[in-house]
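1. The sequence and its predicted three-dimensional model are supplied below.
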Amino acid sequence: MEYLTEHYAEAPVWIVACLEEPKPSRMSGASIYPAVQNMLLAARALGLGSTLTTRHLLFEAEAEAALGLPPGVHSYAILPIGWPMGNFGPVGRGKLSEFVFLDEWGKPWDALEG
Ligand SMILES: Cc1cc2nc3c(=O)[nH]c(=O)nc-3n(C[C@H](O)[C@H](O)[C@H](O)COP(=O)(O)O)c2cc1C
């Protein structure tokens, strides 16, 4: 098994998605992650491999200093992008019944498969 972390630095392009906002919050995340998802879809439509990563935020201050971000600008995701080396087939999807509920959290929706 090979992990993304081992090849992260080899990606020829990274998109660092940033917002200029003094205090990052879930509301700011709601503003930027739809754009990030659109970038992932656009990359895939072009045959480019990419994925959403946020692990650098575990070292947010160091990472943002290394990226040279000015004060008040914060990163929300890094998308490493490159031409895929191997299998680039259909992506998997979990069972909807594991995370879609009816009326209240945890209540199964019988109409869903599996
Ligand atoms: C919010 C979010 C953040 C993620 N951050 C990372 C990350 O920092 N590093 C990483 O290797 N995978 C991260 N992942 C997982 C990758 O996006 C991806 O699912 C994983 O590398 C497996 O790739 P695959 O789904 O193509 O097999 C994250 C996923 C999500 C939803």
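-> Received the coordinates, thanks. Here the structure is a predicted model, which is why all the values come from computation and not from measurement.
2. contacts and neighbour counts: CA atoms only from here.
-> Fine.
3. who touches stretch 100-114?
-> The contact list for stretch 100-114 (Cα atoms under 8 Å, 6 or more residues apart in numbering) reads Lys95, Leu96, Ser97.
4. By neighbours, which of those wins?
-> Within the contacts of stretch 100-114, Ser97 tops the neighbour count with 17 neighbours, counted by other Cα atoms under 10 Å.
5. Does the longest strand along the chain reach the ligand?
-> For the chain, the strand with the greatest residue count under DSSP state E is strand 73-82. No: figure legend: strand 73-82 not in contact with the ligand (Cα under 6 Å from any ligand atom); closest approach 7.6 Å.
6. do the same with stretch 7-20
-> No: judged by Cα under 6 Å from any ligand atom, stretch 7-20 stays clear of the ligand, getting no closer than 8.1 Å.
7. How about that stretch, which residues are buried there?
-> Applying a neighbour-count criterion of 16 or more other Cα atoms under 10 Å, one finds Trp14, Ala17 buried in stretch 7-20.
8. Now do it, average pLDDT.
-> The average pLDDT for stretch 7-20 rounds to 94.
9. Pull the CA coordinates from it and hand them back as PDB.
-> These are the backbone C-alpha positions of stretch 7-20, laid out as PDB (Å, rounded to 0.1, in the frame of the first residue of the first chain):
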ATOM      1  CA  HIS A   7       4.300  11.200  -3.000                       C
ATOM      2  CA  TYR A   8       2.800  14.500  -2.000                       C
ATOM      3  CA  ALA A   9       5.900  16.600  -2.800                       C
ATOM      4  CA  GLU A  10       6.200  15.000  -6.200                       C
ATOM      5  CA  ALA A  11       3.000  16.500  -7.500                       C
ATOM      6  CA  PRO A  12       4.000  19.200 -10.100                       C
ATOM      7  CA  VAL A  13       1.200  21.600  -9.100                       C
ATOM      8  CA  TRP A  14      -0.400  22.400  -5.800                       C
ATOM      9  CA  ILE A  15      -3.500  24.600  -5.600                       C
ATOM     10  CA  VAL A  16      -3.500  26.200  -2.100                       C
ATOM     11  CA  ALA A  17      -7.100  27.400  -1.500                       C
ATOM     12  CA  CYS A  18      -7.100  30.500   0.700                       C
ATOM     13  CA  LEU A  19      -9.500  33.000   2.100                       C
ATOM     14  CA  GLU A  20      -8.700  36.500   3.400                       C
END
